[in-house]
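Novice: how would this look folded up:
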Amino acid sequence: MGTPCHFALFDLQPSFRLDLEQLATRYRELARAVHPDRFADGSEREQRLALEQSAGLNEAYQTLKNAPKRARYLLAISGHEVPQEATVHDPEFLMQQMQLREELEDLQDSADLDGVAQFKRRVKVAQEQLNESFASCWDDAAQREQAERLMRRMQFLDKLSYEVRQLEERLDD
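Specialist: Predicted structure coming up:
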């Protein structure tokens, strides 16, 4: 018997659409219950188990609260394991990626804070649209390939969004 499914850990049905508030609340409740400090007086085995449970719970939470990670995980548990580094046959998206990257570099060179804020909003809108598309095609097993393509796009935008936040912080200093 392997590790329990991340969704089961939080008493949830495997689904892409999650109530993140509810997930966070449940996470805090569970985290308190398995917090290693509560087993400070316990046996070495109890302490080790608490640490393992705590780490497992944390990993499950980090996976489920992040849209691209949640998408990848859903694909994996549905028997559609996606290699981390696969060739992406998605020319339209590759073009878009290049354009977004160039745009971000220009913003960095010009140190244009307003431009960065606008770019960040556009990325957020694109992320929301992708999440929506993934959620709708996720329910259809015939669309697993499309789901995988969307998940890769989500991963890219997630990384881009992180880089935009870093740029913002650097320009703010």
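Novice: Now do the contacts for residue 93.
Specialist: 149, 152, 153, 156 (CB atoms under 8 Å, 6 or more residues apart in numbering). To be clear about C-beta, it is placed using only N, CA and C from the backbone, and glycine gets the same treatment.
Novice: just for this protein, where's the confidence low?
Specialist: Applying pLDDT under 70 to the chain flags residues 1-4, 83-88, 141.
Novice: Which residue ranges of it form helices?
Specialist: Ranges of helices within the chain are 6-9, 20-34, 44-65, 67-77, 91-110, 113-138, 144-172, based on DSSP state H.
Novice: For the closest residue in space to residue 124 that isn't next to it in sequence, give me its contacts.
Specialist: Counting by CB to CB, 6 or more residues apart in numbering, residue 161 is the residue found nearest to residue 124 once chain neighbours are left out, at 7.2 Å. Residues near residue 161 by CB under 8 Å, 6+ apart: 120, 123, 124, 127.
Novice: Now the spatially most central residue of the chain: phi and psi?
Specialist: Residue closest to the average C-alpha location in the chain (CA atoms, centre = their mean): residue 66, at 2.6 Å. With angles defined as degrees, to the nearest 10, residue 66 sits at phi -100, psi 120.
Novice: what sits against it?
Specialist: By CB under 8 Å, 6+ apart, the contact set of residue 66 is residue 158.
Novice: One more pass at 10 Å, please.
Specialist: Listed by CB atoms under 10 Å, 6 or more residues apart in numbering, the contact partners of residue 66 are 72, 73, 154, 155, 158.
Novice: For these, could you give me JSON lines that also reports neighbour count?
Specialist: What follows is the contacts of residue 66, written out as JSON lines (neighbours: other CB atoms under 10 Å):
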{"residue": "72", "neighbour count": "21"}
{"residue": "73", "neighbour count": "21"}
{"residue": "154", "neighbour count": "23"}
{"residue": "155", "neighbour count": "18"}
{"residue": "158", "neighbour count": "16"}
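Novice: Name the nearest of the residues you listed relative to residue 166.
Specialist: Among these, residue 158 lies closest to residue 166 (CB to CB), at 13.1 Å.
Novice: Quick check: the closest one vs residue 49, distance?
Specialist: Separation of residue 158 from residue 49 (CB to CB, to the nearest Å) stands at 33 Å.
Novice: With residue 161 instead?
Specialist: Separation of residue 161 from residue 49 (CB to CB) stands at 36 Å.
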